[in-house]
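can't give you the sequence, but here's the structure:
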């Protein structure tokens, strides 16, 4: 019996070819990415100057270097553990995480993921443009005498935002190329910075909480927890985006490799975090005016203490790293909003979100408190995104990792029905667990001097919003699944794990391009 040769995989598109894929399932022939590509994108998106700014917050909050290092380690490790399971949805379904959430929040409820990705994109795109623009203007001032007036900042922000937007318009392949360059070059520049500041760095920097009877001694734990949460917001911010990149990984790749790549990508961010922490402690010792809580300026302080030969590397670090953070934040949101608003192509949606983000950049920089804007946004990201991630991960567990690709695409195709239609397109079980946990998280938030929720002082000033929102989301979601079982058809051939199901007929998929096949459970491929 003769056999025919297997078809060769499709050649990857060129870097300058604008990506045409939206959030529909990526064809198997086009899924040529590897877990290392995922590592490079996730690490590259955080191995940047903006992460250094987040790393400086423990010093801005008054912690010593060692206290700040402990808070940073806590935030990075916990955040990486929360984040890494979110990488499995992309290879499993060939689409982004917001679309995959249809299985747990309902066909219409998946817009929650789109909202969270927009919130995250605006915050971190803005942070990358702010920090990189400030560094470029400051470096040009020191090197060439450029005026540091508002006009210089406006031009720098606009040009930098335009570059990031252009990369996102070209799409995944061009973004991957940028990150390949960014990971190696930014790492080299950070290591060069270790040489530049080695002589001034003193790990014994004491911070503000050295006297146990001082009037501000009671603020130590709130400051420590607040610092850890701001650091943790960085890995958690990737939760809505991991599927944008991992959807190009073949479904046959072992899940442990995908999860491991996502975890290690965040552990590697200790490089820029510790760079920011260490240089902030140097600034606090040599140029304390730049870390004044009333008007902190980490970028300005870094330039003030830098040796002359490191000005140009700082500018390069700002440019390269900012491109990496900005593209990873903006790309996924433009991708997802092209499905929420079907009249917009991926390119049009990306441009729209980019323009909105640029508006926020100018408002936050010239009309609001920059540090407070960053920390408040980071808090909102944690309290709203983490419960959504808990629902997604528990949903993956109880469904044994089985999904119906056609039913996931019902919203994007403007259809109705299918396994994930639930109650008029909403799964109130997952939705309830998400919003209740998110509201409780906001109510108990306590960031000293920045944002305090109505119940934020009940734990003696310590921010307990994250553990509360995690526990509430997990317990409430599993309880609702047990008390109000979902239809058996929403689960795969293996059935449910940990929860009950009921036999309920599935409403057929109707609308444009609806399949003719029945809705009976299909075998796992």
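Okay, I see it. Bear in mind that the values here come from a model prediction, so they are computed numbers and not experimental data.

in what helix or strand does residue 127 lie?
Assessed by DSSP states H and E, residue 127 sits inside helix 111-144.

Following element in sequence after that helix, please.
For helix 111-144, the following helix or strand on the C-terminal side (DSSP H and E) is helix 150-170.

I'd like the distance between residue 194 and residue 275.
Residue 194 is 7 Å from residue 275, where distance means Cβ to Cβ, to the nearest Å. Just so you know, the C-beta spots here come from the backbone N, C-alpha and C atoms, and that holds for glycine as well.

and residue 203, what is it in contact with?
Going by Cβ atoms under 8 Å, 6 or more residues apart in numbering, residue 203 touches 65-66, 281.

sorry, that was for residue 277
Neighbouring residues of residue 277 by Cβ under 8 Å, 6+ apart: 55-56, 58-59, 65, 68-69, 72.

Nearest to residue 503 among the residues you listed?
Nearest to residue 503 among the contacts of residue 277, counting by Cβ to Cβ, is residue 72 at 50.7 Å.

my read: that closest one touches residue 231, true?
Yes: with contact defined as Cβ atoms under 8 Å, residue 72 reaches residue 231; the gap is 5.2 Å.

what touches both of these two?
Shared contacts of residue 72 and residue 231, defined by Cβ under 8 Å, 6+ apart, are found at 55, 58, 273.

which one of those sits closest to residue 440?
residue 58 (25.9 Å).

out of residue 194 and residue 275, which sits in the busier spot?
Shown here are residue 194 and residue 275; by other Cβ atoms under 10 Å, residue 275 has more neighbours (24 against 14).

pLDDT wise, what is that one at?
pLDDT recorded at residue 275 is 95.

A helix includes it, no?
Yes: counting by DSSP: H, G, I helix; E, B strand; the rest coil, residue 275 is found in a helix.

Which is the succeeding secondary structure element to the lowest-mean-pLDDT helix or strand in the chain?
Here the helix or strand of the chain ranked lowest by mean pLDDT, DSSP states H and E is helix 311-340, holding a mean of 72. Scanning forward in sequence from helix 311-340 by DSSP H and E, the next helix or strand is helix 346-366.

Buried residues of that next one, list them for me.
Applying a neighbour-count criterion of 16 or more other Cβ atoms under 10 Å, the buried positions in helix 346-366 are 346-347, 349-354, 357-358, 360-362, 364-365.

same question, stretch 467-487
Buried residues in stretch 467-487, counting neighbours by 16+ other Cβ under 10 Å, are found at 468-470, 472-474, 476-478, 480-481, 485-487.

who touches stretch 309-322?
Here stretch 309-322 has contacts from 47-51, 128-129, 131-136, 139-140, 142-143, 160, 164, 181-182, 185-186, 189-190, 192-193, 196, 272, 302-303, 306, using Cβ under 8 Å, 6+ apart.

Distance from it to the middle of the chain?
Relative to its chain's centre, stretch 309-322 lies at 23 Å (Cα atoms, centre = their mean, to the nearest Å).

go on, stretch 224-232?
Distance, stretch centre to chain centre, for stretch 224-232: 16 Å (Cα atoms, centre = their mean).

Please work out which residues outside it touch it.
Residues from elsewhere that reach stretch 224-232, judged by Cβ under 8 Å, 6+ apart: 54-55, 57-58, 61, 63, 67-68, 70-72, 74-76, 78-79, 82, 273, 375, 378-379, 382, 446-448, 450, 462-463, 465-466.

and the helix holding residue 127 with helix 150-170, angle?
Comparing the axes of helix 111-144 and helix 150-170 via axes from the mean of the first three to the mean of the last three Cα atoms, to 10 degrees yields an angle of 130 degrees.

Tell me the helices and strands packed up against helix 111-144.
helix 49-55, helix 97-100, helix 150-170, helix 298-305, helix 311-340, helix 346-366, helix 370-398 (3 or more Cβ pairs under 8 Å, 6 or more residues apart in numbering; DSSP states H and E).

Of all those helices, which one is nearest residue 265?
Evaluated over the helices and strands packed on helix 111-144, closeness to residue 265 peaks at helix 311-340, with 10.9 Å, by Cβ to Cβ.

hang on, the earlier thing: neighbour-wise, which of residue 72 and residue 231 wins?
residue 231 (30 against 26).

Can you list the residue ranges for helices in the stretch 151-300 of the chain?
Here the stretch 151-300 of the chain has its helices, by DSSP state H, counting those that start in this stretch, at 172-197, 220-236, 242-246, 255-267, 270-286, 298-305.

Let's have the ones you listed in TSV, adding distance to residue 439.
Formatted as TSV, these follow (distance: least, Cβ to Cβ, whole Å):
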stretch	distance to residue 439
helix 172-197	35
helix 220-236	17
helix 242-246	25
helix 255-267	27
helix 270-286	30
helix 298-305	32
